[in-house]
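S.K.: Sequence plus predicted model, see below.
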Amino acid sequence: MPFRPIRPQGRTLSRADCERLDSEDSLAKYRALFDLPANLIYLDGNSLGAKPKATSTRVAHLLEREWGDGLVRSWNEAGWADAPRRVGDMIARFLGALEGEVIVADNTSVNLYKALMAALRYQGRRGVVLTDAGNFPTDLYMAEAVARQFGTGGVRRVPREALLDSLADDVSVLTVTQVDYKTAHMFDLADITAVARARGILVVWDLCHSAGAVPIDLSSSEVDLAVGCTYKFLNGGPGAPAFLYASHRILSHLSNPLPGWFGHERPFEFRQDYVPAHGVERFQSGTPGILGLTALETALGIWLSVDMNEIRRKSVALTELLIEIVETRFASLGIRLGSPRDPAVRGSHVALTHPQGYEISRALAERGVVIDSRPPDLMRFGITPLYTRWVDIYDAAEQLAGILESESYQHPKFRIRLGVP
Ligand SMILES: Cc1ncc(COP(=O)(O)O)c(C=O)c1O
């Protein structure tokens, strides 16, 4: 039985309606810029973004011409040496940051370590590191490590909903992920930053599920430090380098706990003593990975013309559509909403829960719908407005309905655990 999802206004949506909405979509033109396999519904761009078509040509040029022919000369002639800062400035544009406040380097885990240690040193006092108990594991591990190494009052883990009320006098640094990787619950950057600042607490934001997903304005939110990854919504490629943002307001007082030669004021003078670079370059450590940076820079080229408000508008519309379908059709089939119902506090994925969420995600993959699952019972449906269509949500929901109604997910083959779920 084909379902009839309804829109928030109560109007019934057919597949033809979704096709029409796609044809009227101002972002629809971007889908053609990506390589997406035919007959695959890809709702996992919040884990690994799709590959821009231009990346193949650009990386081939890098390999053949810049590396193959140019060899070491390309550090100067192809702009390799400046890439971390140049690409950082491209990212700054849609983080609402200023030029010279973002550097691309390492991965989010390492950048988090650098930012947290810099924040603790800046604060000086030996306070507590406060974090969300359900934060992404790497964030928790890094918070524990810096607290141990800095000798602070340790890490205090509190439930996400209790975070604002836990900004106590003994807290020195708060580290939190703006959009939760499981539920997609979204914090207001400006609100939390302001409350924390008023109490003398420095916030290190993790923007992994925000960058390219929701509008961000780091400058007007007066954010001090933030990190994030580029392989999800930004389409940088598997393991693409991450970014670190440090506000001009405090940058000159921040130090990198991993002071490598690329963060030196004059790396190619090979001096014996470390002098940090004047700008955000000080947060580099070793040689930048040019293959990854080049792929990322190519992908960001697409983003330069994108209006983040349009991204958000479509993201909210598609998450609303999926939730409407779940509420009207799936409630009796054991599926529950694991994300906030209010779009104002929801990022760009929808979490659904079911005791056999893993098996259902495997069954969906067999039907050509790629999502992912997180233990114990969560399924994540990622909306990446540059290439997710209205019909993708309609068709994915129809496949989900078929799997739930037939209970085909009960087949033992779907219980086999993959290395990466
Ligand atoms: C919220 C969040 N923080 C940190 C990370 C880790 O990033 P990386 O693997 O680049 O260190 C991830 C990875 O998915 C994440 O979702």
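M.R.: Structure received.

S.K.: how about Arg312, what does it touch?
M.R.: Applying CB atoms under 8 Å, 6 or more residues apart in numbering to Arg312 gives the contacts Val214, Pro215. Any C-beta I mention is one placed from the backbone N, CA and C, and that applies to glycine too.

S.K.: Show me the strands in the stretch 51-200 of the chain, by range?
M.R.: 51-52, 102-105, 128-132, 155-158, 171-177 (DSSP state E, counting those that start in this stretch).

S.K.: Dump these into a markdown table; add distance to Leu33 and mean neighbour count as well.
M.R.: Shown next, in a markdown table, are the strands of the stretch 51-200 of the chain (distance: least, CB to CB, whole Å; neighbours: other CB atoms under 10 Å):
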| stretch | distance to Leu33 | mean neighbour count |
| --- | --- | --- |
| strand 51-52 | 6 | 22 |
| strand 102-105 | 21 | 29 |
| strand 128-132 | 35 | 24 |
| strand 155-158 | 41 | 17 |
| strand 171-177 | 29 | 25 |
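
S.K.: Of those, which is nearest Asp224?
M.R.: With CB to CB as the criterion, Asp224 lies closest to strand 171-177 of the strands of the stretch 51-200 of the chain, at 10.0 Å.

S.K.: of the strands of the stretch 51-200 of the chain, which approaches Arg85 most closely?
M.R.: Ranking the strands of the stretch 51-200 of the chain by proximity to Arg85 (CB to CB) places strand 102-105 first, at 6.2 Å.

S.K.: Go ahead and name everything in contact with that closest one.
M.R.: Under the criterion CB under 8 Å, 6+ apart, residues 83-85, 87-89, 91-92, 95, 111, 230, 241-245, 280-281, 283-285, 288, 293, 296 lie in contact with strand 102-105.

S.K.: near the ligand, from those?
M.R.: Ala242 (CB under 6 Å from any ligand atom).

S.K.: Filter the contacts of strand 102-105 down to the ones in helices?
M.R.: Ala83, Pro84, Arg85, Val87, Gly88, Asp89, Ile91, Ala92, Leu95, Asn111, Leu293, Leu296 (DSSP state H).

S.K.: Can you tell me how far the residue lying closest to Val173 once chain neighbours are set aside is from the ligand?
M.R.: On the basis of CB to CB, 6 or more residues apart in numbering, the spatially nearest residue to Val173 that is not a chain neighbour turns out to be Ala119, at 4.7 Å. Distance, Ala119 to the ligand, by CB to the nearest ligand atom, to the nearest Å: 16 Å.

S.K.: Tell me who's in contact with Ala119.
M.R.: Ser172, Val173, Leu202, Val204, Asp224, Leu225, Leu254.

S.K.: And these, which is closest to Arg336?
M.R.: For these, the nearest to Arg336 is Val204 (32.2 Å; CB to CB).

S.K.: Please name every helix or strand in contact with the helix or strand the closest one falls within.
M.R.: Assigned by DSSP states H and E, Val204 falls within strand 202-206. Secondary-structure packing of strand 202-206 (3 or more CB pairs under 8 Å, 6 or more residues apart in numbering; DSSP states H and E): helix 108-123, strand 171-177, helix 189-198, strand 225-228.

S.K.: for those, which one ends up most surrounded?
M.R.: Stretch with highest mean neighbour count among these: strand 225-228 (a mean of 29; mean count of other CB atoms under 10 Å).

S.K.: Secondary structure class of the closest residue to Gly96 other than its chain neighbours, three-state.
M.R.: What sits nearest to Gly96 in space, not counting adjacent residues and going by CB to CB, 6+ apart, is Asp217, at 3.4 Å. Following DSSP: H, G, I helix; E, B strand; the rest coil, the label given to Asp217 is coil.

S.K.: between the strands of the stretch 51-200 of the chain, which gets nearest to Pro267?
M.R.: Across the strands of the stretch 51-200 of the chain, closest to Pro267 is strand 102-105 (CB to CB), at 13.4 Å.

S.K.: Strand partners (parallel or antiparallel) of that closest one?
M.R.: strand 242-246 (antiparallel) (DSSP bridges).

S.K.: Please identify the residues of the stretch 101-250 of the chain in proximity to the ligand?
M.R.: By the rule CB under 6 Å from any ligand atom, the part of the stretch 101-250 of the chain lying against the ligand is 107-109, 136, 138-139, 177, 181, 206, 208-209, 229, 242.

S.K.: Near Pro159, how many other residues are there?
M.R.: A count of neighbours around Pro159, defined by other CB atoms under 10 Å, yields 10.

S.K.: residue contacts, it?
M.R.: Residues near Pro159 by CB under 8 Å, 6+ apart: Asp132, Ala133, Gly134.

S.K.: okay, the residues you listed in CSV with pLDDT next?
M.R.: Below are the contacts of Pro159 laid out as CSV (pLDDT from 0 to 100):
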residue, pLDDT
Asp132, 98
Ala133, 98
Gly134, 97
